[in-house]
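Student: Here's a sequence, model it:
(one chain, ligands or ions: 1)
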Amino acid sequence: MGSILKQNKLLLLITIVLSIISSIAYVYISIILKNVTDIALSGDLSAFKIVVIKSVLYLIILGLISYIYSICSKRLVCNIVQALRKKVFDGILRRNKEDFARVNTADYISAFTNDIKLIEEGWILPLLTLLQNAVIFIGALVVLFIISPIIALFLIGCFVLMLIVPAIFGKGLQDRQDRLSKQLSILTTKIKDVLSGYEVIKSYNIGRHIQTQFNDKNNEAVTARFRADKLMAASESLSEILAYLTLFSGFFIGAYLIIVGKISAGTLLALIQLSSSFVNPLMIIMQSLPHIQGVKPVLKRLDDFSNYEVTSFIGTHEPSFEKYIKAENISFSYNGDQKVLVDINLTIKRNKKYAIVGHSGCGKSTLIKLLTGCYSGFQGSITYDGTNICELDTEKLNKMIAVIHQNVYMFDDSIKENIYLYESFSQNELEHVLEVSGVNKFINLTPNGLESSVGENGSNISGGQRQRIAIARALIQNKPFLILDEGTAAIDMQNAYDIENRLLKLKDLTLLTITHNMNNDILRMYDEIIYMENGKIVETGRLDELLSHDSSFQRFFYLVKEETVAL
Ligand SMILES: Nc1ncnc2c1ncn2[C@@H]1O[C@H](COP(=O)(O)OP(=O)(O)OP(=O)(O)O)[C@@H](O)[C@H]1O
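Tutor: Predicted coordinates for the structure are as follows:
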C-alpha cells in the first residue's frame, strides 16, 4: 500500500494540504462566532455589518475549498483502488501454473471484488476522514488552549480516556473482518460454481439442492457481515457516548467559569463551537480507527496476492530443444503422500512422434505437466538438451511448447483472434494451419467465417470445432513441440484421424499425444508408444513390436478395442 501512496504523492499532498486548510478554516468559525457575539453585546452596528459581510465571504471561500478537497479526495480514492487492482492483477499474472492452481479461482475473483471494496470502505475512506478530523481536532485544541487552558486540559484527559475504544474493539474487529472476507470468498466460489455448472443443474434437476447450498453460504456471509457490523456498532456507540460525555462536561465547566466571572459570553459561545470541533472529530477518529484496524487481515491477503514472488522455476537459462528432453528417475506426488508417478525414465527426441497410452488415472497428464514445467516438487531430473528444467526460464519454455487439452479455453472473440491470440501472421501461415487443423472444414458453415464470434468460452461452437481452433492456435505459433492431451477426443473419428495424420507428417514437429484411440493405422505412424500403468512406464516401442508378443500393452490394446466396438 505504501508504494501506491507514493505513486500518488502529489495528489495525496494536495489533498492533505486542502484538508488542513479546510479544517483550520472550519475551526476558525468559532473565532468568528466569538467576535459576532462580542460585537452584538457591545451594540456596535457598523462593526456588526462588516463582520457579517466578512463572514459570508469567508463561508463562500470555505465552501470552495471543501469542494476542491472533496474532488481531490475522490480522485485519490479512485487512483488507489485502480492501483490496488492492478497490483493484485500483476501479482496473479506473475504466478507460475503450479502456484496459480493452489488457489481457487473464486478466491482471486473475491479479492478483486469483495476485498477491494472492504479496503475502500474500511481503510481508504476512513483514513482520509481520520486525516481531516485529526487536523480539525488539533486546530480546535490549539485555539482552546489560547481561550481556556483549563477546558483544553480537561478535554485532553477525555481524549486519553476515549483511546480505550480502539484498544477494546480492534482485535475482535480484525477477526470478524477476516471471517467476513473468507465467507464472501466462499459465497463467490458457490456463485461461480453454479454459473459454470448451470447446464448440469438444469439437466439433473438439482436446482433445489443447489438453492439450499446457496442459501446456506449466503446466510453465512450475511451472518459474518452482521457480526462484524454488530461489533462496529458497539464500538461506534461507545465512542459516541464518551464523546457526548466530553462535550457536556466541557460545556458545564464553561458555564461554571462564566458564573464565577472568569470568561465572557462570547468566549463561552466560542468554547461551545470549539468543543464540537474537538469532540465530533474525536468521535469520528475513534470510529475510524477500528475500521482501519479491522481490515488489516484483508489488506494482508491482498498484499500476499500482489507481492507474490515465484520461488520455484526461477531459472534464467534460455531453453533449447534441438536434440532431446530427458526424464530420469521421476517420481511425483500431488499430496506428498500417494505417488502418482514412480521412477519414470523417458527420452523425447526432437521431431519424433510419441503416443502415451494407458488406463484412466495412470498418470499420463501428470507426466506431461512435469515435462512442461508445471510442477516443481518432483524427485529425479528433467533436462532439455542437458540443462535441468529448474534452471530454465519457464516463460521462454512456454514459447516452445503448445499443449492442447480436451477442454480448451476460448476467449469471447472471433475465431480468427482465438487462433492469432492478438498477434499477427501472414495469410500463408493462416491457410496452412487452417488446413492442418481442419478448421477449414467447418469455417464456411459459420455465419461470418473467421470473423464469427465463438461466444463465452466457445459456447457458439461445438467441442470438436473448439479443439480444431486450439490446434490451429498452437500450430500458427510454430512451436517445435506439440502435446495433444486427448486434444482430438471431441472431434469425430474421421476428422480426428485426418488431423492426427497430417500432424504426424509434419517433419519439423515433435508430437506427444495422449490418446485412448487404439487405431492401428494411426498408432503405427508413431515412432514410439509409451504404455503406462499405475504411474509407471511399463512398455515402450513401435506398435507392431509391442503387439508381436504377449505384453501388457497388447492386453490393454485389445481390451480398449473391444470396449470401443461394444459402444
Ligand atoms: N491436481 C491434482 N491434485 C491431486 N491429484 C491429482 C491432480 N491431478 C490428477 N490427480 C490424480 O493423479 C492421478 C493421475 O492423474 P492423471 O490426470 O495424470 O491421469 P491420466 O492418466 O491422465 O488420466 P485420464 O486418462 O483419465 O486423463 C489420478 O489419481 C488423479 O486423481
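Student: Please report the distance of Pro281 from Ser275.
Tutor: 11 Å (CB to CB, to the nearest Å). No exception for glycine: its C-beta is placed from N, CA and C like everyone else's.
Student: Between those two, point out the one with more neighbours.
Tutor: Pro281 (27 against 23; other CB atoms under 10 Å).
Student: Let's verify Ser320: helix, strand, or coil?
Tutor: Using DSSP: H, G, I helix; E, B strand; the rest coil, the three-state assignment for Ser320 comes out as coil.
Student: With Ile325 instead?
Tutor: Once three-state DSSP is applied, Ile325 turns out strand.
Student: tell me the phi and psi of the nearest residue to it once chain neighbours are set aside?
Tutor: Leaving aside its sequence neighbours, Ile325 sits nearest to Ile348 (CB to CB, 6 or more residues apart in numbering; 4.3 Å). Ile348 adopts backbone torsions of phi -110, psi 120, taken as degrees, to the nearest 10.
Student: Verify the contact between Ile348 and Ile368 for me.
Tutor: No: between Ile348 and Ile368 there is no contact under CB atoms under 8 Å: 10.6 Å.
Student: Tell me where the model's unsure across the protein.
Tutor: For the chain, the stretches flagged by pLDDT under 70 are 487, 490, 564-567.
Student: Which residue ranges of it form strands?
Tutor: All strands of the chain, identified by DSSP state E, fall at 324-333, 339-349, 353-358, 379-384, 387-388, 401-404, 481-485, 510-514, 528-533, 536-541.
Student: Between those, which one is closest to the ligand.
Tutor: When the strands of the chain are compared by CB to the nearest ligand atom, strand 339-349 sits nearest the ligand, at 4.2 Å.
Student: Determine the set of other helices and strands touching the closest one.
Tutor: strand 324-333, helix 364-371, strand 510-514, strand 536-541 (3 or more CB pairs under 8 Å, 6 or more residues apart in numbering; DSSP states H and E).
Student: so can I have JSON lines of the strands of the chain showing distance to Ile50 and mean neighbour count?
Tutor: Formatted as JSON lines, the strands of the chain follow (distance: least, CB to CB, whole Å; neighbours: other CB atoms under 10 Å):
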{"stretch": "strand 324-333", "distance to Ile50": "86", "mean neighbour count": "17"}
{"stretch": "strand 339-349", "distance to Ile50": "88", "mean neighbour count": "18"}
{"stretch": "strand 353-358", "distance to Ile50": "94", "mean neighbour count": "23"}
{"stretch": "strand 379-384", "distance to Ile50": "87", "mean neighbour count": "17"}
{"stretch": "strand 387-388", "distance to Ile50": "86", "mean neighbour count": "14"}
{"stretch": "strand 401-404", "distance to Ile50": "82", "mean neighbour count": "22"}
{"stretch": "strand 481-485", "distance to Ile50": "86", "mean neighbour count": "23"}
{"stretch": "strand 510-514", "distance to Ile50": "91", "mean neighbour count": "23"}
{"stretch": "strand 528-533", "distance to Ile50": "96", "mean neighbour count": "22"}
{"stretch": "strand 536-541", "distance to Ile50": "98", "mean neighbour count": "18"}
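Student: Turn these into JSON lines, including distance to Asp521.
Tutor: Shown next, in JSON lines, are the strands of the chain (distance: least, CB to CB, whole Å):
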{"stretch": "strand 324-333", "distance to Asp521": "27"}
{"stretch": "strand 339-349", "distance to Asp521": "23"}
{"stretch": "strand 353-358", "distance to Asp521": "13"}
{"stretch": "strand 379-384", "distance to Asp521": "32"}
{"stretch": "strand 387-388", "distance to Asp521": "37"}
{"stretch": "strand 401-404", "distance to Asp521": "21"}
{"stretch": "strand 481-485", "distance to Asp521": "17"}
{"stretch": "strand 510-514", "distance to Asp521": "14"}
{"stretch": "strand 528-533", "distance to Asp521": "14"}
{"stretch": "strand 536-541", "distance to Asp521": "17"}
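Student: Can you add distance to the ligand and give the ones you listed back as a markdown table?
Tutor: What follows is these, written out as a markdown table (distance: least, CB to the nearest ligand atom, whole Å):
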| stretch | distance to the ligand |
| --- | --- |
| strand 324-333 | 9 |
| strand 339-349 | 4 |
| strand 353-358 | 6 |
| strand 379-384 | 16 |
| strand 387-388 | 22 |
| strand 401-404 | 12 |
| strand 481-485 | 7 |
| strand 510-514 | 6 |
| strand 528-533 | 7 |
| strand 536-541 | 12 |
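Student: Quick check, central residue of this structure?
Tutor: When CA atoms, centre = their mean is applied to the chain, the residue found nearest the centroid is Tyr108 (3.6 Å).
Student: That one: what's its closest spatial neighbour, skipping adjacent residues?
Tutor: Nearest one to Tyr108, counting by CB to CB, 6+ apart, is Ile92 at 5.8 Å.
Student: again with Met518
Tutor: Val560 (4.6 Å).
Student: TSV for the helices and strands packed on strand 339-349, including distance to Leu180?
Tutor: As requested, the helices and strands packed on strand 339-349 are arranged in TSV below (distance: least, CB to CB, whole Å):
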stretch	distance to Leu180
strand 324-333	36
helix 364-371	36
strand 510-514	44
strand 536-541	48
